[in-house]
Structures are given as C-alpha cells and as structure tokens.
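Engineer: what's the 3D shape of this:
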Amino acid sequence: MDLDLQIALKKYKTIVFDCDGVVLDSNIAKTEAYFRTAKNLGATDEQAQALVDYHVKLGGVSRYHKFDYYLREILHQPVTDDAIQALLDGFARELEVSLMECGVAEGLLELRDATVHASWLIVSGGDQQELRNLFTKRNLAHLFDGGIFGSPDNKDIVLAREKANGNLQYPALFIGDSKYDFEAATRAELDFVFLSGWTEVHEWQKYCAENNIVAFDTIKQLCY
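Structural biologist: Coordinates of the predicted model:
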C-alpha cells in the first residue's frame with residue numbers, strides 16, 4: 001500500500017461504502033433489471049429505455065423514487081401503492097439471481113485488514129432488507145460492522161440518522177461511484193473517493209476534475 005494513502009486511511013473512524021459499482025459489480029445487472037421489469041409489466045421498448053435512462057442519470061438513488069417517476073412522468077399513470085409494489089416485486093425477482101452471481105470487488109478483504117480500526121457501513125440506494133439478505137448469503141455482512149442500510153430511506157436520511165445516533169464517527173470517508181454519492185457525502189461532511197471501474201456516470205473524469213474529487217479505478221488500488 002502506498003505509504004501516504006495508508007496514513008490517510010488510518011485517520012478515518014468510519015468508512016462508508018455504496019454497494020452497486022463499488023462493493024459489487026452489479027450496475028449492469030440492475031440496469032438490465034429495470035428494462036426487463038418495465039417490459040414484463042407491459043411497457044414499450046421506448047418506455048422501458050426511458051426508465052433505464054432515468055436510472056442511470058440518477059445513479060445511487062432509491063428505486064422507490066425511480067418507479068414513482070416512471071409511473072408519473074413516463075407512463076402518465078396514477079402513482080398507487082399497488083402499482084409501485086408490482087414494480088418493486090418484479091424488480092426484486094429480476095435481481096435475485098444476478099446479484100448472487102455478480103463479482104465482488106477485488107481487494108475488499110485486504111482493505112478491511114488495513115482499516116481494522118474503522119467501522120464499515122454500507123449506505124446504498126438498494127432495498128435495505130434485500131441488501132442485508134444478499135450480504136449474509138454471500139458472506140460479506142460481517143465486514144460491515146457498522147451496519148447495512150438502504151431504501152426506502154435515501155442516503156441523506158441514513159447518513160444524518162447514523163451521525164445523530166453516534167454510529168457514524170468522524171473523520172469519515174465515503175467510497176462511491178455516482179454523483180449522488182458525492183453530493184450526499186458532501187452534505188454529511190464526509191471525505192469522498194470516486195471509484196471509476198464500474199461507474200455508469202457519463203464523462204466521470206470531467207465531473208471529478210470539476211469537483212476536485214480523488215478517483216481510483218478499483219478498491220484494490222486503495223490497498224497498494
């Protein structure tokens with residue numbers, strides 16, 4: 001591990017991770033699942049692609065918000081509990097297999113060993129219970145001793161709550177791959193590292209340069 005980076009990591013009491021595109025190589029799986037979910041429930045290709053485009057644009061944002069937008073702005077239908085639930089259920093079915101099979105970030109265990117002093121949290125736009133079940137099944141839950149958190153609460157709410165209850169200790173670092181990750185980290189006064197290897201952010205280099213964001217390709221690069 002680079003000495004300067006090793007020293008920097010040692011200062012953090014808490015390290016927060018996004019899930020998709022950071023811990024798991026699951027961005028493509030989720031993007032494809034949005035398309036299939038819309039199609040399975042009667043959407044045209046154009047409508048399904050519009051949902052995908054909105055999902056990619058708002059990387060890291062809860063599926064609840066995206067499906068609300070889909071019904072309201074793309075299908076021009078009433079946003080009912082039943083309609084939202086049908087989309088959520090269909091989406092969960094599409095993801096069940098693919099999330100068990102997608103890759104885990106190289107270097108994750110090495111980074112855990114290098115930051116044994118720090119508490120680790122997952123703060124994701126994914127469904128909270130789905131995430132907890134998935135991480136347990138994939139033998140990853142034990143790494144995140146600070147907890148695994150997701151929707152329906154958004155990242156701003158989770159970070160503010162965990163800060164207020166003392167679970168999120170400062171100085172803290174957020175490792176993410178989306179604009180929303182950076183924005184949420186900034187609002188919560190966390191340092192931020194952008195991971196580019198699996199990101200779906202268009203022209204991420206330009207975004208990072210404009211916002212003075214430190215970027216790495218993978219978690220493995222943080223370990224050496």
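Engineer: which residues of the protein fall in helices?
Structural biologist: With DSSP state H as the criterion, the chain has helices at 3-10, 27-40, 45-57, 63-69, 81-101, 108-114, 128-137, 155-164, 179-187, 204-210.
Engineer: Which one of those lies nearest to residue 18?
Structural biologist: For the helices of the chain, proximity to residue 18 was assessed by CB to CB; helix 179-187 is nearest, at 5.2 Å. Using the backbone N, CA and C atoms, a C-beta is placed for each residue, glycine as well.
Engineer: Mean pLDDT and mean neighbour count for the helices of the chain - can I get that in CSV?
Structural biologist: Shown next, in CSV, are the helices of the chain (pLDDT from 0 to 100; neighbours: other CB atoms under 10 Å):
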stretch, mean pLDDT, mean neighbour count
helix 3-10, 66, 13
helix 27-40, 92, 19
helix 45-57, 94, 17
helix 63-69, 92, 19
helix 81-101, 91, 15
helix 108-114, 94, 17
helix 128-137, 94, 17
helix 155-164, 97, 18
helix 179-187, 96, 21
helix 204-210, 96, 13
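Engineer: So for residue 145, which of those helices sits nearest?
Structural biologist: Taking CB to CB, helix 108-114 is the member of the helices of the chain nearest to residue 145, at 9.6 Å.
Engineer: Now the closest one - C-alpha only, CSV.
Structural biologist: Output of helix 108-114 as CSV, limited to C-alpha atoms (Å, rounded to 0.1, in the frame of the first residue of the first chain):
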residue,chain,number,x,y,z
LEU,A,108,-12.1,-5.8,-0.3
LEU,A,109,-10.7,-8.2,2.3
GLU,A,110,-7.3,-6.5,2.1
LEU,A,111,-8.8,-3.1,2.7
ARG,A,112,-10.7,-4.5,5.7
ASP,A,113,-7.4,-5.7,7.1
ALA,A,114,-5.8,-2.4,6.5
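Engineer: neighbouring contacts of it?
Structural biologist: 1, 6, 9, 23, 120, 140, 143, 219-220, 222-223 (CB atoms under 8 Å, 6 or more residues apart in numbering).
Engineer: Domains in the chain, by residue range?
Structural biologist: Domain assignment of the chain by automatic domain parsing yields the ranges 3-25+104-223, 28-101.
Engineer: Give me the distance from the first one to the chain's centre.
Structural biologist: On the basis of CA atoms, centre = their mean, to the nearest Å, the separation between the geometric centre of domain 3-25+104-223 and that of its chain is 8 Å.
Engineer: Quick check: residue 65 touching residue 58?
Structural biologist: Yes. Using CB atoms under 8 Å, residue 65 is in contact with residue 58, at 7.4 Å.
Engineer: thinking again about what came up before, name the pair among the contacts of helix 108-114 with the greatest separation in space.
Structural biologist: Greatest spatial distance in the contacts of helix 108-114: 6 and 140, 23.3 Å, computed using CB to CB.
Engineer: if you skip the residues just before and after it, what's nearest to residue 137?
Structural biologist: Distances taken as CB to CB, 6 or more residues apart in numbering put residue 100 closest to residue 137, at 6.7 Å, once the chain neighbours are dropped.
Engineer: Could you report the distance from the one you found to residue 12?
Structural biologist: Between residue 100 and residue 12 the computed distance is 30 Å (CB to CB, to the nearest Å).
Engineer: Understood, closing this out.
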